[in-house]
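Visitor: Mind folding the following:
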Amino acid sequence: MIDVLCVGIMVADVITKPVDALPGKGLLSQVDSIGMYTGGNAMTAAINIAKIGPKSAVIGKVGQDAFGDFLIRSLQEKNIDASSVKRDASAQTSSSVVLSDFTGERTFLHCVGANGTFSLSDIDFDKVEQAAIVFVTGSFLMNTFDGEQTAAFLKRCKEMGKTTALDVCYDSHGRWSQVLDQCLPYLDIFLPSIDEAIELSGGETDPQKIADSFFDKGVGSVVIKMGGKGCYIRENRTDQGEVLPIFKVKAVDTTGAGDSFCSGFLAALSMGHSFRECALFGNAAGACCVMAKGATTAMRDYAGLKALIEEYQP
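Guide: Modelled structure (predicted):
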């Protein structure tokens, strides 16, 4: 049995720190560190969920290259099921150069690579059958799978009796609702960031009105990641909604903070926690993430997250 199956983008992150400005053309600037880390929403979520305790697996696609070898090996070393990750010799593994400044805020240079060719035909439905929760993550960076194919996949997951969840990336092409609206009727839980939620709701800025717009389109529950303000949660339309503040820790690197929030939330959900408790575990996982370089480096196990929650929510 798989507690949470993560379907979506896998990325090799090359993190450079600190970078507050780029050197001029032909010039060189020294930095303190350059390292390679696992990244991409599905990869990050699967690793963090496994660290917390539930069993996770990944469905995605990588190239037949060194970056792909690194990502597959990283999953296997953490005893995460990577048997349904496809290898594509015609595409390079997706990768990002992450420029992290002195505050931990980051800027990305991203190559879509194999994530762009990932498609419904790459899905191992035998693996889906084994999962309790199916989490699609990285929408708007999967050129082939986005939109109609994602909707068809989620619809089939619902027909199979699965709990479905989805998170998106920022859509630099501005397609937003044109692509995603067809997926929303098949979602039990939608977990966008506030910037993405504003775009997807047609410019609404009030979290309650944003959530209403998603309920109108068929979403079951709404969780909005609000950065430094915490998270807004609304389990259903009749729920009044609530903002849960962040846990104030020293930020070293914010790479993967949103994915880590989703990891904590879904891990807690798979363990039977209430909706509000899931959000607290999400906040705790996000706080852990930012305390070290890399999207999964500092994640704690269930007991560690629970202790952090008790420290900030006595």
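
Visitor: how close does the closest residue to residue 116 other than its chain neighbours get to residue 287?
Guide: Spatial nearest neighbour of residue 116, chain neighbours left out: residue 143 (4.1 Å); criterion: C-beta to C-beta, 6 or more residues apart in numbering. Placement of C-beta: from N, CA and C, glycine included. According to C-beta to C-beta, to the nearest Å, residue 143 and residue 287 sit 33 Å apart.

Visitor: Please say which of the two ends up with more neighbours.
Guide: residue 287 (25 against 14; other C-beta atoms under 10 Å).

Visitor: part of a strand, is the more buried one?
Guide: No. Judged by DSSP: H, G, I helix; E, B strand; the rest coil, residue 287 forms no part of a strand; its state is helix.

Visitor: In its sheet, which strands sit next to the one helix or strand in the chain whose mean pLDDT sits lowest, and in what direction?
Guide: Scoring the helices and strands of the chain by mean pLDDT, DSSP states H and E places strand 106-111 at the bottom, with a mean of 86. Sheet pairing of strand 106-111 (DSSP bridges) gives strand 95-100 (antiparallel).

Visitor: ok, residue 202 touching residue 213?
Guide: Yes. Residue 202 sits in contact with residue 213 when judged by C-beta atoms under 8 Å, with a separation of 6.9 Å.

Visitor: Could you check which of these two is surrounded by more residues?
Guide: Between residue 202 and residue 213, counted using other C-beta under 10 Å, residue 213 has the larger neighbour count: 17 against 11.

Visitor: name the helices or strands packed onto the helix or strand containing that one?
Guide: According to DSSP states H and E, residue 213 maps onto helix 207-216. Counting contacts by 3 or more C-beta pairs under 8 Å, 6 or more residues apart in numbering; DSSP states H and E, helix 207-216 is packed against helix 194-200, strand 221-225, strand 231-234.

Visitor: Only C-alpha atoms, please: export the longest one in PDB.
Guide: Taking only C-alpha atoms (Å, rounded to 0.1, in the frame of the first residue of the first chain), the coordinates of helix 194-200 have been written out as PDB:
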ATOM      1  CA  ILE A 194      -1.500  33.000  -2.900                       C
ATOM      2  CA  ASP A 195       0.000  34.400  -6.100                       C
ATOM      3  CA  GLU A 196      -1.200  31.500  -8.100                       C
ATOM      4  CA  ALA A 197      -4.600  31.500  -6.400                       C
ATOM      5  CA  ILE A 198      -5.100  35.200  -7.300                       C
ATOM      6  CA  GLU A 199      -4.400  34.500 -11.000                       C
ATOM      7  CA  LEU A 200      -6.600  31.400 -11.000                       C
END
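
Visitor: And it, what's buried?
Guide: 194, 196-200 (16 or more other C-beta atoms under 10 Å).

Visitor: Then stretch 235-250?
Guide: Buried, per 16+ other C-beta under 10 Å, within stretch 235-250: 235, 244, 246-247, 249.

Visitor: ditto for stretch 86-93
Guide: 86, 88, 91-93.

Visitor: quick one: contacts of it?
Guide: Residues outside stretch 86-93 that contact it (C-beta atoms under 8 Å, 6 or more residues apart in numbering): 10-12, 60-65, 67-68, 71, 111, 113-114, 116-118, 122.

Visitor: same thing with stretch 106-122?
Guide: 8-11, 15, 19, 40, 59-63, 68, 86, 88, 90-101, 138, 141-145, 149, 152-153, 253-255.

Visitor: now swap in stretch 263-279 and tell me
Guide: Residues contacting stretch 263-279 (C-beta under 8 Å, 6+ apart): 3-4, 44-45, 48-49, 52-54, 132-133, 135, 163, 165, 189, 191, 221, 223, 231, 233, 235, 242, 244, 280-286, 299, 302, 305.

Visitor: Okay, and which of the residues you listed map to helices?
Guide: 44-45, 48-49, 52, 280-286, 302, 305 (DSSP state H).

Visitor: As a markdown table, the residues you listed with neighbour count would be great.
Guide: Output for the ones in helices among the contacts of stretch 263-279, formatted as a markdown table (neighbours: other C-beta atoms under 10 Å):
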| residue | neighbour count |
| --- | --- |
| 44 | 32 |
| 45 | 34 |
| 48 | 28 |
| 49 | 31 |
| 52 | 29 |
| 280 | 25 |
| 281 | 25 |
| 282 | 29 |
| 283 | 26 |
| 284 | 31 |
| 285 | 33 |
| 286 | 27 |
| 302 | 16 |
| 305 | 26 |
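
Visitor: circling back: quick one, what contacts the residue nearest to residue 116?
Guide: 112, 115-117.

Visitor: Most neighbours among these, which one?
Guide: Most surrounded of the contacts of residue 143: other C-beta under 10 Å gives residue 115, at 27 neighbours.

Visitor: That residue - that's part of a helix, no?
Guide: Yes. Applying three-state DSSP, one finds residue 115 inside a helix.

Visitor: Can you give me the distance of it to residue 193?
Guide: If you go by C-beta to C-beta, the gap between residue 115 and residue 193 works out to 19 Å.
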